[in-house]
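Q: Test case, fold it:
(4 chains)
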2 protein chains.
Amino acid sequence: MADINFSSPQAASDSRAAESRPSPARDGALRWDIIELLFFAYRDFVGDADHELEAFGFGRAHHRVMHFVYRYPGLKVADLLDVLRITKQSLGRVLKQLLDEGYIVQKTGNNDRRQRLLYATAKGEALVARLATLQTTRIDRALEQIGPAGAETVRRFLRAMIDRDDPDKVLETIFGAASAKE
Amino acid sequence: MADINFSSPQAASDSRAAESRPSPARDGALRWDIIELLFFAYRDFVGDADHELEAFGFGRAHHRVMHFVYRYPGLKVADLLDVLRITKQSLGRVLKQLLDEGYIVQKTGNNDRRQRLLYATAKGEALVARLATLQTTRIDRALEQIGPAGAETVRRFLRAMIDRDDPDKVLETIFGAASAKE
DNA sequence: CAAGATACGTCAATATGGCTGACATAAACT
DNA sequence: AGTTTATGTCAGCCATATTGACGTATCTTG
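A: Below you'll find the predicted structure:
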């Protein structure tokens, strides 16, 4: 559509607006490429699930809750709040929907009867598996293109991108398992 | 905090709720580990910027707009809509704020005077650079742990995670530049 | 046992950032 | 002159997040 007024990155600094000053030299030291690749990769990665969720009348929030409840059976509400980093009021609505519609069930804790331990039902498992299958397809396709050793490199990179101070229980499990994966 | 009712992934399938059925065998073929690592890595990655943005009274939406306007000077409004995949009404509010507060300026297109080409001001550049610096610190820290060859593996992985059909102009630039980076 | 802390639920109000639909204007194209 | 395109804007709706307050059951502790 129309002409090419779409310059390459930083190639048109001379055409900057009046108030604009030449870009600082530190610019080259920044990881612009990876920053942008992460943006697009994550956008498309969650896009897979978003599209499918529409058919269920659910949003991203429902996916996140279902995923972690399925993966870590018996998760407490408080743990879920830590992982998702949202307030219990926000979680409340989404969780209530998933309970009402039979995707998740609650069980009173054995040791502490105040706790409501969360478990995915068969219906919930089916949903999570369907979404994970979509995302796995994308991941497998990407991993194919970087060779067998690449997968471990990617895992190590992603792990190193995650904050290690004040980890929640899910992260403790993930990092605790270390390389004892699969 | 209290007892350990936090099972390892899939280790507590026997304690599932009544309606729950044993997990299907396909479970093992799914990339649970990478799915979760991507979630946490991206959460913390954008968290760096989120925290800083609060001081400016801005949100993630402002960051995304500022980033791409800075990186691709002279971006048209329509291009920005393609990249961000939002409607012009949504963009409108955010963009107006950034214009009013002097982070971005508009310039009428030379060839087509209907177009409003977008440019970051010095003020805008400073903001983008500050946020990119935070994120670069995290990325550099992660790359250090996977060796020099790892960075290119990560780039190739992320590129392969992105949809190639119907790419917007920014993606065309990114993929067009191929390995002619930096 | 009584007091306090904890786990969870919920009501109410508010903000952000998406969305659709409709309509307006200016400029380009035919 | 008429149509299409690029942009802006008004009005309203929805999803998801927030804070603050309050209630209730249950565990812990003096």
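Q: Quick check: the nearest residue to residue A:82 once chain neighbours are set aside vs residue B:105, distance?
A: In space, and not counting its chain neighbours, residue A:82 is closest to residue A:168: 3.7 Å by CB to CB, 6 or more residues apart in numbering or on different chains. Yep, even glycine has a C-beta here, placed from its N, CA and C like the rest. Using CB to CB, to the nearest Å, one gets 43 Å for the distance from residue A:168 to residue B:105.
Q: can you give me the strands for chain A?
A: Across chain A, reading from the start of the chain, the strands by DSSP state E fall at A:104-108, A:116-120.
Q: Output the ones you listed in JSON lines, with distance to chain B and mean pLDDT appended to each entry.
A: Below are the strands of chain A laid out as JSON lines (distance: least, CB to the nearest CB, whole Å; pLDDT from 0 to 100):
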{"stretch": "strand A:104-108", "distance to chain B": "4", "mean pLDDT": "97"}
{"stretch": "strand A:116-120", "distance to chain B": "4", "mean pLDDT": "98"}
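Q: Let me have those strands in a markdown table, adding distance to residue B:122 as columns.
A: Compiled in a markdown table, the strands of chain A are given as follows (distance: least, CB to CB, whole Å):
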| stretch | distance to residue B:122 |
| --- | --- |
| strand A:104-108 | 51 |
| strand A:116-120 | 50 |
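Q: can you tell which of the ones you listed is closest to DNA strand C?
A: Closest to DNA strand C of those is strand A:116-120 (CB to the nearest atom of the strand; 4.4 Å).
Q: That closest one - contacts with which helices or strands?
A: Here strand A:116-120 touches helix A:60-71, helix A:77-84, strand A:104-108, going by 3 or more CB pairs under 8 Å, 6 or more residues apart in numbering or on different chains; DSSP states H and E.
Q: returning to that earlier point: which one of residue A:168 and residue B:105 is surrounded by more residues?
A: The neighbour count for residue A:168 versus residue B:105, taken as other CB atoms under 10 Å in any protein chain shown, is higher for residue B:105 (20 against 17).
Q: In this structure the more buried one contacts residue B:125, no?
A: No: the pair formed by residue B:105 and residue B:125 falls short of the contact definition of CB atoms under 8 Å, at 11.6 Å.
Q: hmm, stretch A:127-142 touching DNA strand D?
A: No: for a cut-off given as CB under 7 Å from any atom of the strand, stretch A:127-142 has no contacts with DNA strand D; the smallest distance is 13.6 Å.
Q: ok, and what's touching that stretch?
A: Residues outside stretch A:127-142 that contact it (CB atoms under 8 Å, 6 or more residues apart in numbering or on different chains): A:44-45, A:48-49, A:52-53, A:56, A:63, A:66-67, A:70-71, A:103, A:120, B:24, B:26-27, B:29-32, B:34-35, B:157-158, B:160-161.
Q: how about 7 Å then?
A: Taking contacts as CB atoms under 7 Å, 6 or more residues apart in numbering or on different chains, the residues outside stretch A:127-142 that touch it are A:45, A:48-49, A:52, A:56, A:63, A:66-67, A:70, A:103, A:120, B:24, B:26, B:30-32, B:34-35, B:157, B:160-161.
Q: Show me which residues of chain A sit near DNA strand C.
A: Residues of chain A lying close to DNA strand C by CB under 7 Å from any atom of the strand are A:76-78, A:88-89, A:92, A:95-96, A:106, A:112, A:114-116.
Q: Kindly indicate the member of those with the most neighbours.
A: Across those, the neighbour count under other CB under 10 Å reaches its highest value at residue A:95, namely 23 neighbours.
Q: Tell me how many other residues crowd the spatially closest residue to residue A:44 that is not a sequence neighbour.
A: Sequence neighbours aside, residue B:163 is the residue nearest to residue A:44 in space, at 4.8 Å (criterion: CB to CB, 6+ apart). Number of residues near residue B:163 (other CB under 10 Å) recorded here: 15.
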